[in-house]
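Student: How does the following fold in three dimensions:
(2 chains)
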Amino acid sequence: MGTAIRMNLDRELTNRYFLGTTTNAEDEEIGVRIIEDMSFADEMSQAEIDLIEDYLEGGLTDSETELFEQQYLVSDERRERVREIALLKRYARGAQTSASVEPVAKNIPWFRRFTVLVPVFGLVIIAVIAGLLLVGDKGGSDYAQLNRQNLRDPSVIGNAQVVEITPGTYRSGTPGPVIVVGGDSPAVLFRLPLNFSVDPNTIYDASIDHDGRKVFTVDGVRLYMEGGTLEARVLAPREVLSTGTHHIRLVRRESDNAPVVYTFEIR
Amino acid sequence: MKDHYVLHQEDLDALLALLSDDREEAGKIYEDLRKGLVRYFTSKGCADSLELADETLTRVATKAVAFDKSLNIKPSSFVYGFASRVFLEYLRRPEKRAVEFDPVIHSGVSAFVEPSESDEAIDCLDQCLSKYSADERSMIVRYYSKDKQEKIELRKRIAQEFGCKIDVLHMRVHRMRAALRACVSRCLAQKG
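Tutor: Numbering: from 1, shown residues only, chains lettered A, B, ... in the order given. Just a heads-up that it's a prediction; the model follows:
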């Protein structure tokens, strides 16, 4: 029997145990200790919960995420465990948000002070920021980061409005049905089914266009399996969406294929 | 390999004799092994851990007379060999295969965010939490309120506030979660 596990529990090893990628020897060493040592079993149980939380927080690598979905979620019991933690996180997030809402004025102090103290300089600053936003990546790095996380996790998507859009293609000349997006949630989660056969490892980049301008981009959108169909998900801040028609273009990286286009309208 | 093993008295006697010369001590070791096997199968995500634990011990018992007691092999080690075989056979069960290839399961993470279902569950969780003290409610809400590094720091602080080690905090939350699970499940069933 080796010594690595006896000394202490290694996070990488426990993750591999639950993701089903340990060697037979590692599996045996862990299995024997779970049988004979209740406190070790408790530690393993906590490691399993940590793994579930990492999954829900988008903290796993792509390959770990895939293994989690293919190898870990093989029983109703485990799915129930994930559902339970997701519910608690969602509840806690909501409770914390409602308990810690601060007056709006506190959130915008610095440029307010600038505009009051040095009005012209303040306007310049605002113009520069507005210019940067118009150039692209209007959602900023926060949303780039969010789109890299697991967009199934309620704690990531918060109270974003969820909109599913059927694609059309420019190649066929059919833009697909126009979805009208209303509401006033701070963000919109677009669910974009890929209604054709595609390798789950394919990398797509997404952009949202309005009036011929890119108003939001996501490099390397994550794909999710839903009901046997792969779909891309894009979480966009409401502030980048203006009234009128928008197109989301999914472009397959390193490919000449026409983009997949999804159309929606903001009213 | 047989589908199912039947435990005969002579096999059980042979197993107990293998575990200890003292019959009472042997009985205790047997029960500990059974609990350990339940933990093992649970860690493997098996639905029926108790049944699999009993199946494992029955198989060990049927082979007990063949063991050489003088080798001094730990009971947990030789029991593990049978348990891993039982687990592999469990994975090959037809109903297990049906689960593995059920697209609903593999795409089912969406169920975690289905608004209608979650909203009902959130209401139930709220009701269930109302039965706890304000301190306990605050503890579990704060425990789950942050992600990643922020979460780690916050949980350390909560443990300090409660004057306990982080492991003890995890255990308290674990017990509370188990009670909430049962409560939310009953509440959802009542909502129908």
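Student: Contact partners for residue 81?
Tutor: By default, I'm working from chain A. A:48-49, A:52 (Cβ atoms under 8 Å, 6 or more residues apart in numbering or on different chains). C-beta here means a position set from N, CA and C on the backbone, and glycine is covered the same way.
Student: Chain B next: which of those are close?
Tutor: Checking these against chain B by Cβ under 8 Å from any Cβ of the partner chain, the ones in range are A:48-49.
Student: neighbour-wise, which of the contacts of residue A:81 leads?
Tutor: residue A:52 (22 neighbours; other Cβ atoms under 10 Å in any protein chain shown).
Student: That one reaches residue A:85, doesn't it?
Tutor: Yes - in this structure, residue A:52 is within contact of residue A:85 by Cβ atoms under 8 Å, at 5.1 Å.
Student: show me where chain B has helices.
Tutor: Secondary structure of chain B by DSSP state H: the helices cover B:9-19, B:23-43, B:49-63, B:75-91, B:94-100, B:103-106, B:115-129, B:134-143, B:148-161, B:166-191.
Student: Nearest to residue A:17 among those helices would be which one?
Tutor: The closest approach between residue A:17 and any of the helices of chain B, judged by Cβ to Cβ, belongs to helix B:23-43 at 7.8 Å.
Student: Let's have the contacts of residue A:81 in JSON lines, adding secondary structure.
Tutor: What follows is these, written out as JSON lines (DSSP: H, G, I helix; E, B strand; the rest coil):
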{"residue": "A:48", "secondary structure": "helix"}
{"residue": "A:49", "secondary structure": "helix"}
{"residue": "A:52", "secondary structure": "helix"}
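Student: would TSV of the contacts of residue A:81 with pLDDT be doable?
Tutor: Shown next, in TSV, are these (pLDDT from 0 to 100):
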residue	pLDDT
A:48	96
A:49	96
A:52	95
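Student: how about stretch A:33-47 as CSV, C-alpha atoms only?
Tutor: The C-alpha coordinates for stretch A:33-47 follow below in CSV (Å, rounded to 0.1, in the frame of the first residue of the first chain):
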residue,chain,number,x,y,z
ARG,A,33,-9.7,3.1,4.0
ILE,A,34,-13.4,4.1,3.5
ILE,A,35,-14.4,0.6,4.7
GLU,A,36,-12.2,0.6,7.8
ASP,A,37,-12.0,4.3,8.9
MET,A,38,-15.2,6.3,9.4
SER,A,39,-13.4,9.6,9.8
PHE,A,40,-11.6,9.1,6.5
ALA,A,41,-15.0,8.3,4.9
ASP,A,42,-16.3,11.6,6.4
GLU,A,43,-13.3,13.5,4.8
MET,A,44,-14.1,11.8,1.5
SER,A,45,-17.7,12.8,1.8
GLN,A,46,-16.7,16.4,2.3
ALA,A,47,-14.3,16.1,-0.7
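Student: Please see if that stretch touches chain B.
Tutor: Yes - using Cβ under 8 Å from any Cβ, stretch A:33-47 reaches chain B at A:34-36, A:38, A:41-42, A:44-46.
Student: Pull out the buried residues from that stretch.
Tutor: A:33-36, A:40-47 (16 or more other Cβ atoms under 10 Å in any protein chain shown).
Student: need the contact list for the closest residue to residue B:156 other than its chain neighbours.
Tutor: Closest residue to residue B:156 apart from its sequence neighbours, by Cβ to Cβ, 6 or more residues apart in numbering or on different chains: residue B:166 at 6.3 Å. Under the criterion of Cβ under 8 Å, 6+ apart, the neighbours of residue B:166 are B:155-156, B:159.
Student: go on, residue B:174?
Tutor: A:45-46, A:49.
Student: Identify the residue nearest the geometric centre of chain B.
Tutor: Note on chain B: the residue nearest the mean C-alpha position is residue B:42, at 3.6 Å, using Cα atoms, centre = their mean.
Student: how far away is that one from residue A:38?
Tutor: Distance of residue B:42 to residue A:38, given as Cβ to Cβ, to the nearest Å: 12 Å.
Student: go on, residue A:248?
Tutor: For residue A:248 relative to residue A:38 (Cβ to Cβ), the value is 52 Å.
Student: got it, and residue A:260?
Tutor: Distance, residue A:260 to residue A:38, by Cβ to Cβ: 53 Å.
Student: same check, this time on residue B:122
Tutor: Taken as Cβ to Cβ, the span from residue B:122 to residue A:38 is 34 Å.
Student: so where is chain B shaky, pLDDT-wise?
Tutor: Residue ranges of chain B with pLDDT under 70: B:1-4, B:94-118.
Student: CA-only coordinates of the host helix or strand of residue A:145 in CSV, if you can.
Tutor: Taking DSSP states H and E as the definition, residue A:145 sits inside helix A:140-148. Extracted C-alpha coordinates of helix A:140-148, given in CSV (Å, rounded to 0.1, in the frame of the first residue of the first chain):
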residue,chain,number,x,y,z
GLY,A,140,-16.6,44.0,-19.6
SER,A,141,-14.4,41.4,-18.1
ASP,A,142,-16.9,40.4,-15.5
TYR,A,143,-19.2,38.9,-18.1
ALA,A,144,-16.3,37.3,-19.9
GLN,A,145,-15.5,35.6,-16.6
LEU,A,146,-19.1,34.7,-16.0
ASN,A,147,-19.4,33.1,-19.5
ARG,A,148,-16.5,30.9,-18.7
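Student: Okay, and the beta partners of residue A:206?
Tutor: Beta-bridge partners for residue A:206, by DSSP bridges, are residue A:218, residue A:250.
Student: show me what contacts it?
Tutor: By Cβ under 8 Å, 6+ apart, residue A:206 lies in contact with A:192, A:217-218, A:221, A:232, A:234, A:248-251.
Student: please redo it, this time with the cut-off set to 6 Å
Tutor: A:218, A:221, A:234, A:250 (Cβ atoms under 6 Å, 6 or more residues apart in numbering or on different chains).
Student: Relative to chain B, which of those is nearest.
Tutor: Nearest to chain B among the contacts of residue A:206: residue A:234, at 15.4 Å, using Cβ to the nearest Cβ.
Student: Now the closest one. Nearest residue, chain neighbours left out?
Tutor: In space, residue A:234 is closest to residue A:190, 4.6 Å off (Cβ to Cβ, 6+ apart).
Student: So the one you found, which state does it fall into?
Tutor: Per three-state DSSP, the local secondary structure of residue A:190 is strand.
Student: gap between it and residue A:68?
Tutor: Counting by Cβ to Cβ - residue A:190 and residue A:68 are separated by 24 Å.
Student: between the two, which one's more packed in?
Tutor: The residue with more neighbours, out of residue A:190 and residue A:68, is residue A:190; 26 against 23, by other Cβ under 10 Å.
Student: That one bridge partners, please.
Tutor: With DSSP bridges as the rule, residue A:190 is bridged to residue A:163, residue A:234.
Student: Wait, residue A:67 touches residue A:17, no?
Tutor: No - counting by Cβ atoms under 6 Å, residue A:67 sits too far from residue A:17 to count as a contact (11.5 Å).
Student: Overlap in contacts, those two.
Tutor: Residues touching both residue A:67 and residue A:17 by Cβ under 6 Å, 6+ apart: none at all.
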